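# Everything below, folded, please.
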Amino acid sequence: MKTKSKVSQKLTVITIIAVFLFGSFFNLEAQQNQNDFLKVKIIGNGFSDFTYIRFLDGATEGFEGNLDAWKMLSMNQDVPMIFTKVGGNAVMVNTFPALGKKTKMDLFTKISVPGNYSIETKIMGPFSSSVKLFLLDNLTGTKFNLRNDSIMFFNLDADSGMVARFQVYFSTPANFSTKDLTCFSDNDGQILIENLETQGWLADISDENNIYQASVSGFSSTYAFTNLHGGNYSVALQDFGGSQTVNAVIGQPFPVLSIFEASTNNVCLCDGGNVSFINNSVGATSYVWDYGDGSQFSGFQNDHTYTQPGEYVVSLSASDGLCSNNSNQLINVVENSQVGINNLNNETGEISVYYSGEKFYLKPNYSSPQNLIVQVYNFLGQKIYSGIFKNVSSVPIPLLINRNPNQLYLFNIKSNKKNISLISY
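The predicted structure follows:
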């Protein structure tokens, strides 16, 4: 081993004393358990030099006289030097804000004598186990995991310290957050990834049923998967720091459902034209009814009286203030009827209804065979008969309905040509 000259010994002492000349650095290494703290040391030619990188609440990335220390470079050609820089100037102690994001910094060496050197690192602070520390050789592209490799060997050429031979990485995990669906049936969920590695990353995502799958790469520090449905997702992330897999859940709010019943879907003006509506909606706090005749009502439920014949679409919009749902039903309103048969829209006389004894019959009069769908309702709105008849032309068709002469019946008959409504007592 080479013996240090008095000059070199003095220069080494001057380098160390620099720690104390620029702030409160007494017992610096004694603070190792208080803050995230890394010591990097270079050894060669019988000499050594070191630099500190630490993270501290309240620090900034600029030079601070009470937290950082400039580097006083040795004049001895045999002494290898290692340091970071602030504003282009060498520093021995470089203090950064508390480690909350991926951080990388250039690490410079000043080598006057080419040859073999070793770099030793000592993790002196309480870095979280989720933080990965790396040393990257910019010349060869070799990456060293400082959790495993604390001593590394290099053949270094002469270096004036102008270009960074190395980089130090403090790789913190990416941050994942989710946005739930606005409404039950929406697909506006989101998974946001922050603190991504800007040197490049690859993210793969899939839902629990593998219905949604995507693979995305990029260089931005944030990325959002959008337009997602509710459910469980797995996200696998690859970057310079390694791999990371998380499970994310996009929640679904309770659904708002518009549900209602009408006391009857077929109403006669002869009975007053009144229909009662029963609200069975779920998850809503406000309701708007549209009765299809120009009338509306805001409230839970109500009766409505029609004054004109026709077909009306009744709709109910149910809302919880943010999400809404609509449902509708068709109400058929007919004129006051006379005793016997009243043809609502059977101007051509293609079919009629008559009864004999206690039975109803259809009397078709079609010029060509027709297929018929027949539905019969009483005026409580209850369907009491349904039947299908094929190739009907002129033969009467008996309907299996026991007629009550004190009741009114509505016949809805759908043929190949048109829909016909008939009323009979």
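# okay, CA-based contacts and neighbour counts for the rest of this
Noted.
# pretty sure residue 120 contacts residue 38?
No - between residue 120 and residue 38 there is no contact under C-alpha atoms under 8 Å: 10.5 Å.
# Show me which of these two is the more surrounded one.
Neighbours were counted for residue 120 and for residue 38 using other C-alpha atoms under 10 Å; residue 38 has more, 21 against 17.
# OK, contacts around that one?
Listed by C-alpha atoms under 8 Å, 6 or more residues apart in numbering, the contact partners of residue 38 are 52-54, 121-125.
# Could you identify which of the residues you listed has the most neighbours?
Busiest of the contacts of residue 38 [other C-alpha under 10 Å] is residue 52, holding 24 neighbours.
# check which helix or strand covers that residue.
strand 47-56 (DSSP states H and E).
# Residues contacting that strand, please?
35-43, 78-84, 91-99.
# and those residues, which are buried?
Buried members of the contacts of strand 47-56, counted by 16 or more other C-alpha atoms under 10 Å: 35-43, 78-84, 91-96, 99.
# Which of the residues you listed fall in strands?
36-43, 81-84, 91-96 (DSSP state E).
# Contact partners for residue 190?
Contact analysis of residue 190 by C-alpha under 8 Å, 6+ apart lists 178-180, 224-228, 250.
# mind redoing it with 10 Å?
177-181, 224-230, 248-250 (C-alpha atoms under 10 Å, 6 or more residues apart in numbering).
# what are the phi and psi angles of it?
Torsion angles at residue 190 (phi, psi; degrees, to the nearest 10) stand at phi -150, psi 140.
# pLDDT wise, what is it at?
Residue 190 carries a pLDDT value of 96.
# mind checking how far it is from residue 318?
26 Å (C-alpha to C-alpha, to the nearest Å).
# same check, this time on residue 268
Look at residue 268 and residue 318: by C-alpha to C-alpha, they are 28 Å apart.
# And residue 262, by the same measure?
16 Å.
# Test of understanding: give the bridge partners of residue 311.
Beta-bridge partners for residue 311, by DSSP bridges, are residue 332.
# Buried residues of stretch 382-395, list them for me.
392-394.
# Make JSON lines out of those and add secondary structure and pLDDT.
Formatted as JSON lines, the buried residues of stretch 382-395 follow (DSSP: H, G, I helix; E, B strand; the rest coil; pLDDT from 0 to 100):
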{"residue": "392", "secondary structure": "strand", "pLDDT": "89"}
{"residue": "393", "secondary structure": "coil", "pLDDT": "87"}
{"residue": "394", "secondary structure": "coil", "pLDDT": "86"}
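# doesn't residue 163 fall inside a helix?
No - assignment of residue 163 by DSSP: H, G, I helix; E, B strand; the rest coil gives coil, placing it outside any helix.
# quick one: the helices in this structure?
6-21 (DSSP state H).
# Report the central residue of it.
residue 190 (1.6 Å; C-alpha atoms, centre = their mean).
# Now for residue 283: which residues touch it?
Contacts of residue 283 (C-alpha under 10 Å, 6+ apart): 253-258, 318-320, 323-325.
# where's it relative to residue 324, distance?
Counting by C-alpha to C-alpha, the gap from residue 283 to residue 324 is 9 Å.
# Now the common contact residues for those two.
Joint contacts of residue 283 and residue 324 (C-alpha under 10 Å, 6+ apart) are 255-258, 318.
# Highest neighbour count among those?
Comparing the shared contacts of residue 283 and residue 324 by number of neighbours (other C-alpha under 10 Å), residue 318 comes first, having 27 neighbours.
# thought that residue was touching residue 281?
Yes - assessed by C-alpha atoms under 10 Å, residue 318 is found in contact with residue 281 at 7.1 Å.
# overlap in contacts of these two?
The overlap between the contact sets of residue 318 and residue 281 (C-alpha under 10 Å, 6+ apart) consists of 256-259, 287, 300, 325-327.
# Of the residues you listed, which belong to strands?
Filtering the shared contacts of residue 318 and residue 281 for strands - DSSP E - leaves 287, 325-327.
# quick one: which of these is nearest residue 173?
Using C-alpha to C-alpha, residue 325 is the member of these that sits closest to residue 173, with 41.4 Å.
# So what pairs up with the closest one in the strands?
residue 318.
# Correct me if wrong: it contacts residue 317.
Yes - counting by C-alpha under 10 Å, residue 317 is a contact partner of residue 325 at 5.8 Å.
# who touches both of those two?
Joint contacts of residue 325 and residue 317 (C-alpha under 10 Å, 6+ apart) are 257-259, 281, 284, 287.
# Residue 359: which of the residues you listed is nearest?
The closest of these to residue 359 turns out to be residue 259 (C-alpha to C-alpha; 36.8 Å).
# Just give me the neighbour total for the residue nearest to that closest one when sequence neighbours are not counted.
Counting by C-alpha to C-alpha, 6 or more residues apart in numbering, residue 259 lies nearest to residue 281, which is 4.5 Å off, once chain neighbours are set aside. Around residue 281 there are 21 other residues, counting by other C-alpha under 10 Å.
# tell me the mean pLDDT for stretch 332-341?
Averaged over stretch 332-341, pLDDT sits at 57.
# In space, what's closest to residue 40 - neighbours in sequence excluded?
Counting by C-alpha to C-alpha, 6+ apart, the residue nearest residue 40 is residue 121, at 4.6 Å.
# circling back to that earlier point, now tabulate the contacts of residue 283 in TSV and tack on pLDDT.
Output for these, formatted as TSV (pLDDT from 0 to 100):
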residue	pLDDT
253	92
254	92
255	93
256	94
257	94
258	95
318	96
319	96
320	95
323	95
324	95
325	95
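# and which of these is nearest residue 371?
For the contacts of residue 283, the nearest to residue 371 is residue 258 (35.4 Å; C-alpha to C-alpha).
# pretty sure the closest one contacts residue 318?
Yes - look at residue 258 against residue 318 with C-alpha under 10 Å: they come within range, at 5.3 Å.
# Residues in contact with both of the two, list them for me.
Joint contacts of residue 258 and residue 318 (C-alpha under 10 Å, 6+ apart) are 279, 281-284, 287, 324-327.
# Adding distance to residue 114, write the shared contacts of residue 318 and residue 281 out as CSV.
Formatted as CSV, the shared contacts of residue 318 and residue 281 follow (distance: C-alpha to C-alpha, whole Å):
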residue, distance to residue 114
256, 75
257, 78
258, 81
259, 84
287, 84
300, 88
325, 77
326, 80
327, 83
